[in-house]
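**Student:** Only the shape, not the letters, is given here:
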């Protein structure tokens, strides 16, 4: 698999694919990763307990049968773990600490090893939440923000693992982004079973952070549900224990999709009510009442400004062509997976492949959402 097939990068790190191994306390160590995640784009080890309070809490959890990583020398342990991963994946370490200094030390370690530190704001076990770590951080966003800022000050790449629907998802996502995090890793758990992909969509619309979707990813269909709602990556945990080849299969199948259509996590159309704001790249010229109007309002621009942005982007690109299409330009045309003889005829005429068309649509989506008139609102 080509390392440049997917354009997923943070700072100096480039992920070979959008499939990640999720952290599972007492389970996801380097040995587990080397056995089950050799084809992952990202391996997240942990969660590891960094100070006396979290190790004591983990010991109490272990007494009731939970698996946990417990160590008298946690920093030495994670240094050894980071160095022991042999998968050629980017490696992250999921950690929790009731005190700041161990997090700072762990962050410096990950930076020196070209790894990522992931702050655990996810664990809901009472032994952890009562000492103010894990999910407790979501109820104290100012403390979480302060932690992120101080960890980020080391120069490390910072991920934050959270659980959706604990507090206001939008407020949470924006607080984490504003604090300077690089990655938001979301367990989209919902009552009953399955993942809350609508939560992923709303979080995608609230932040430009690299977004990892987690929960109930058991095959390519469930992964695609996460991707089309805005996840840049998906992480798998217990599914790997049930199917040891899951990560390999997902990596191969998403690579085939990327080669075929050029935008592996292309959104659904916004007119269906399921697409995130990136789907504005597929919208028609806004000349009649439709969901495009309410969606452009979300990003703080008018329908005319939206139309102007799309035409600005199209100028000098193959999307400028298409006199025979509905609105006279490919810039207004839909997702390649939706049948359209008019669009396809233009693509054939100008020699633009389906994948290259979709890559341009992805660039268009980024242009719209990253434009100063939008981001400066």
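**Tutor:** Sure, I can see it. None of these values were measured; they are calculated from a predicted model.

**Student:** next SSE after whatever helix or strand residue 293 lives in?
**Tutor:** In the assignment (DSSP states H and E), residue 293 maps to helix 291-298. Once helix 291-298 ends, the next helix or strand along the chain (criterion: DSSP H and E) is helix 303-314.

**Student:** lowest-confidence helix or strand of the protein?
**Tutor:** helix 372-375 (a mean of 62; mean pLDDT, DSSP states H and E).

**Student:** Quickly list what residue 48 is bridged to.
**Tutor:** For residue 48, the beta-bridge partners under DSSP bridges are residue 69, residue 95.

**Student:** What's the separation between it and residue 237?
**Tutor:** Residue 48 sits 16 Å away from residue 237, taking Cβ to Cβ, to the nearest Å as the criterion. In short, each C-beta sits where N, CA and C put it, glycine included.

**Student:** More neighbours: those two, which one.
**Tutor:** More neighbours surround residue 48 than the other of residue 48 and residue 237, with 29 against 18 (other Cβ atoms under 10 Å).

**Student:** Compute the number of surrounding residues for the nearest residue to residue 154 once chain neighbours are set aside.
**Tutor:** Spatial nearest neighbour of residue 154, excluding adjacent residues (Cβ to Cβ, 6 or more residues apart in numbering): residue 107 at 4.2 Å. The tally of other residues near residue 107 (other Cβ under 10 Å) stands at 25.

**Student:** show me the residues around residue 107 that make contact.
**Tutor:** Contact analysis of residue 107 by Cβ atoms under 8 Å, 6 or more residues apart in numbering lists 117, 151, 152, 154, 156, 158.

**Student:** Break down the stretch 151-300 of the chain into its helices, ranges please.
**Tutor:** 169-178, 197-206, 220-228, 238-242, 246-261, 291-298 (DSSP state H, counting those that start in this stretch).

**Student:** Kindly present these as TSV, with separate columns for mean neighbour count, mean pLDDT and distance to residue 310.
**Tutor:** Shown next, in TSV, are those (neighbours: other Cβ atoms under 10 Å; pLDDT from 0 to 100; distance: least, Cβ to Cβ, whole Å):
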stretch	mean neighbour count	mean pLDDT	distance to residue 310
helix 169-178	19	98	26
helix 197-206	22	97	18
helix 220-228	21	97	21
helix 238-242	16	94	39
helix 246-261	19	98	20
helix 291-298	16	92	11
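
**Student:** re earlier: and the helix holding residue 293, what does it pack onto?
**Tutor:** In terms of contacts (3 or more Cβ pairs under 8 Å, 6 or more residues apart in numbering; DSSP states H and E), helix 291-298 is packed against helix 303-314.

**Student:** I am finished for the moment; much appreciated.
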